[in-house]
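*Asks:* Show me how the following folds:
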Amino acid sequence: MSSSATIHKLHNTKPGKVFDFFNIIFLFLFAAVTLLPFMYVVAGSFATESELARRAFFIWPETYTLNAYRHIFTSDAFVRSIINTIGVTLVGTLTQLFFTFTMAYPLSKRNLKGNKFLMNMVLFAMLFSGGMIPTFLVIQALGLIDTYWALILPGAINPFNLIIIRNFFRNFSQELEESAKIDGASEFQIFWKIVLPLSKPIIATFALFYAVGIWNDFMSPLLYLNDSSKWTLQLLLRQVTISADPNALGEVDPNYVPPAEGMKLAVIVIATAPIMMVYPFLQKHFAKGMMIGSVKG
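*Replies:* Coordinates of the predicted model:
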């Protein structure tokens, strides 16, 4: 009897049905605990200031208003910060994918000279780091302070991700590569025209990992960006959420008082929404690529 048939048979028993019932209840409660705070943030971003002050928690506003979003999108500081964040995320993700994959592929070759030494260096970098102050001094010595490269280059290669991708390439069909070599393809052509097109799941997986990490990165911009015109969305979000000034994004109309609490919630929604919208397009590759390369070393 196959394992799937055995599992199906167990689920049809009384203990199996009881387990399924409590499992569904547990997962529903877990999902509710996860979703309810975000639902409140979304609802609050569309609510009036008086309702936010009057009601401690709600997931459906009594009166809808777009004042918070209207104020945010008419702010030069916000528009500039979201353009900065999108640019850094796109360039950073492409840079990190390029360096990680181009280093992982040659390290997957067992006949590469110095392979063991290089992998030991990668493992050392994964386990030990210089810390925040030495890293800052290196960035400063390279003249990268107050530049976007300070947000991208220090994380150009993630050692853990590199090991996962290297393991994936090690499990790649050797016969396919050898047949390409017989046809006269170079190593670069094999990598670019054969290996990468067949690696879409793992590319999508780590592209999402890198993009989410860069988009949500708060500490690096805080340390390395001094010019407020170069701030990313996360820095602006910090400025809005900790500031008691309703004009934290800049005053558009002197006679208009922006909705302070609603604006905080709206900025959180806007900072979260892009990644949530990208995920469905990568989901089919992401689910397949999660475990790729994590089995064999």
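*Asks:* Let me know the average pLDDT across stretch 164-181.
*Replies:* The predicted model assigns stretch 164-181 a mean pLDDT of 83.
*Asks:* go on, stretch 136-146?
*Replies:* For stretch 136-146, the mean per-residue pLDDT is 92.
*Asks:* If we go by neighbour counts, what in that stretch is buried?
*Replies:* 136, 139, 144 (16 or more other CB atoms under 10 Å). Placement of C-beta: from N, CA and C, glycine included.
*Asks:* Gly44: which of the residues you listed is nearest?
*Replies:* The shortest gap between Gly44 and any of these belongs to Phe136, at 36.8 Å (CB to CB).
*Asks:* That closest one against Leu223, yeah?
*Replies:* Yes. Between Phe136 and Leu223 there is a contact under CB atoms under 8 Å: 6.0 Å.
*Asks:* Downstream of the helix or strand encompassing Leu237, the next helix or strand is which one?
*Replies:* Here Leu237 is covered by helix 233-242, with elements defined by DSSP states H and E. Of the helices and strands lying after helix 233-242 in sequence (DSSP H and E), the nearest is helix 260-289.
*Asks:* Rounded mean pLDDT for that next one, please.
*Replies:* Mean pLDDT, helix 260-289: 76.
*Asks:* What are the phi and psi values at Trp60?
*Replies:* Main-chain torsions, Trp60, degrees, to the nearest 10: phi -150, psi 110.
*Asks:* what sits against it?
*Replies:* Residues near Trp60 by CB atoms under 8 Å, 6 or more residues apart in numbering: Ala43.
*Asks:* now it: how far from Asp227?
*Replies:* Distance of Trp60 to Asp227, given as CB to CB, to the nearest Å: 41 Å.
*Asks:* ok, back up a step: let me know the closest of the buried residues of stretch 136-146 to Gly213.
*Replies:* Out of the buried residues of stretch 136-146, the member with the shortest distance to Gly213 (by CB to CB) is Ile139, at 17.7 Å.
*Asks:* what helix or strand does that closest one sit in?
*Replies:* In this assignment (DSSP H and E), Ile139 forms part of helix 132-141.
*Asks:* from the chain's centre, how far out does the helix or strand just after that helix sit?
*Replies:* Counting by DSSP H and E, the next helix or strand C-terminal to helix 132-141 is helix 149-152. In terms of CA atoms, centre = their mean, to the nearest Å, the centre of helix 149-152 is found 16 Å from the chain centre.
*Asks:* for helix 149-152, packing partners?
*Replies:* The contact analysis (3 or more CB pairs under 8 Å, 6 or more residues apart in numbering; DSSP states H and E) places helix 149-152 against helix 76-107, helix 219-224.
*Asks:* Kindly format the C-alpha coordinates of the very next helix or strand once past that helix as PDB.
*Replies:* Using DSSP H and E, the helix or strand that follows helix 149-152 in sequence is helix 159-170. Extracted C-alpha coordinates of helix 159-170, given in PDB (Å, rounded to 0.1, in the frame of the first residue of the first chain):
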ATOM      1  CA  PRO A 159      26.800  32.700   2.700                       C
ATOM      2  CA  PHE A 160      23.900  30.500   3.700                       C
ATOM      3  CA  ASN A 161      22.000  31.200   0.500                       C
ATOM      4  CA  LEU A 162      25.300  30.500  -1.400                       C
ATOM      5  CA  ILE A 163      25.500  27.000   0.200                       C
ATOM      6  CA  ILE A 164      21.900  26.200  -0.700                       C
ATOM      7  CA  ILE A 165      22.400  27.300  -4.300                       C
ATOM      8  CA  ARG A 166      25.700  25.400  -4.600                       C
ATOM      9  CA  ASN A 167      24.000  22.200  -3.400                       C
ATOM     10  CA  PHE A 168      21.300  22.700  -6.000                       C
ATOM     11  CA  PHE A 169      23.900  23.100  -8.800                       C
ATOM     12  CA  ARG A 170      25.700  20.000  -7.500                       C
END
